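Undergrad: Structure of the sequence below:
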Amino acid sequence: MAGRIFLITMALGFLALFLVLPLIVVFAQALSLGLGNYASAILDPNVGSAIWLTLLIAAVAVPANLVFGIIASWCIARFDFAGRNLLVTLIDLPFSISPVVAGLLEVLLFGLNGLFGGWLSANNIQIIFALPGMILATMFVTFPFVAREVIPLAQEQGNDEEEAAATLGATGLQIFWRVSLPKIRWGLLYGVLLCNARAMGEFGAVSVVSGKIFGQTDTMSLAVESLYDSYEIHAAFAVASLLALLAIVTLVLKAALEWRHRDELRGMKR
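TA: Below is the predicted model:
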């Protein structure tokens with residue numbers, strides 16, 4: 001009994017020290033000068049540009065990773081092909097390397113002196129230090145999230161229902177929309193949620209390829225650094241509070257999805 005209480009206390013204390021306390025400090029600093037100054041910092045045109053750019057990058061990267069996650073999970077769970085294990089391993093690659101390294105690799109490929117830099121320059125196409133490079137970097141660091149949530153779920157559920165639907169004459173598209181997709185929808189939503197949160201909060205890879213021009217190529221996370229380095233501490237904490245709110249909303253939605261999915265599984269068992 002005493003050991004259990006000790007372990008629970010240690011776990012709660014760890015969460016309070018490294019999670020709750022930093023959040024309190026962020027919001028306290030952001031609101032320290034009042035709501036008026038907080039609103040002024042958020043409504044600053046440069047901050048607004050960072051917010052818009054973050055939303056735009058997420059709006060492109062998340063759907064792209066959603067499509068990839070569905071295709072990858074379908075292939076891995078339903079087919080046995082040469083290179084299947086390699087594909088599974090490569091999906092985890094962004095978890096294994098630093099985002100800064102991912103950004104550097106992109107520079108080595110698409111930078112002015114990179115592998116494709118000469119051709120891109122000759123055709124007046126700019127990827128590095130521009131929006132396309134930021135989108136590619138974000139897609140790279142976030143593409144495992146949807147796939148890693150859906151693949152185990154699809155493998156666990158098997159393909160008996162799909163085979164039955166095919167026997168009854170359903171087309172491949174009908175099988176996907178009416179049989180396969182409903183079975184993985186909660187895992188899919190969960191993966192999209194995590195992917196979106198990471199896309200909006202990504203710093204390392206985007207920092208390397210963006211050029212960090214405040215008001216032009218700064219995302220929200222980069223704007224926090226730019227503002228802090230410019231000694232605009234209150235504004236930096238104001239933008240950080242938006243990212244913190246995003247994290248809180250993500251946790252709430254994550255808990256709601258887990259509860260809904262658990263409730264559905266209980267209903268199926270009955």
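Undergrad: Helices along the stretch 1-150 of the chain, start to end?
TA: Applying DSSP state H, counting those that start in this stretch to the stretch 1-150 of the chain gives helices spanning 2-15, 21-30, 35-42, 45-78, 84-91, 93-96, 99-110, 117-122, 131-142, 144-157.
Undergrad: For the stretch 151-270 of the chain, which segments count as helices?
TA: 160-167, 172-175, 181-201, 204-210, 220-229, 233-269.
Undergrad: Please identify the most buried of those helices.
TA: helix 204-210 (a mean of 24; mean count of other CB atoms under 10 Å). The way it works is simple: take the backbone N, C-alpha and C, and place the C-beta from them, glycine included.
Undergrad: Relative to the whole chain's centre, how far out is that one?
TA: 15 Å (CA atoms, centre = their mean, to the nearest Å).
Undergrad: Redo the helices of the stretch 1-150 of the chain as TSV? Include distance to A235, mean neighbour count and mean pLDDT.
TA: Shown next, in TSV, are these (distance: least, CB to CB, whole Å; neighbours: other CB atoms under 10 Å; pLDDT from 0 to 100):
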stretch	distance to A235	mean neighbour count	mean pLDDT
helix 2-15	29	9	86
helix 21-30	9	15	90
helix 35-42	4	14	91
helix 45-78	7	19	90
helix 84-91	38	13	86
helix 93-96	31	12	88
helix 99-110	25	18	92
helix 117-122	35	13	89
helix 131-142	22	23	93
helix 144-157	30	21	85
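Undergrad: Tabulate these (JSON lines), appending distance to S207.
TA: Output for the helices of the stretch 1-150 of the chain, formatted as JSON lines (distance: least, CB to CB, whole Å):
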{"stretch": "helix 2-15", "distance to S207": "28"}
{"stretch": "helix 21-30", "distance to S207": "20"}
{"stretch": "helix 35-42", "distance to S207": "21"}
{"stretch": "helix 45-78", "distance to S207": "13"}
{"stretch": "helix 84-91", "distance to S207": "24"}
{"stretch": "helix 93-96", "distance to S207": "16"}
{"stretch": "helix 99-110", "distance to S207": "7"}
{"stretch": "helix 117-122", "distance to S207": "20"}
{"stretch": "helix 131-142", "distance to S207": "9"}
{"stretch": "helix 144-157", "distance to S207": "20"}
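Undergrad: No more questions from me, cheers.
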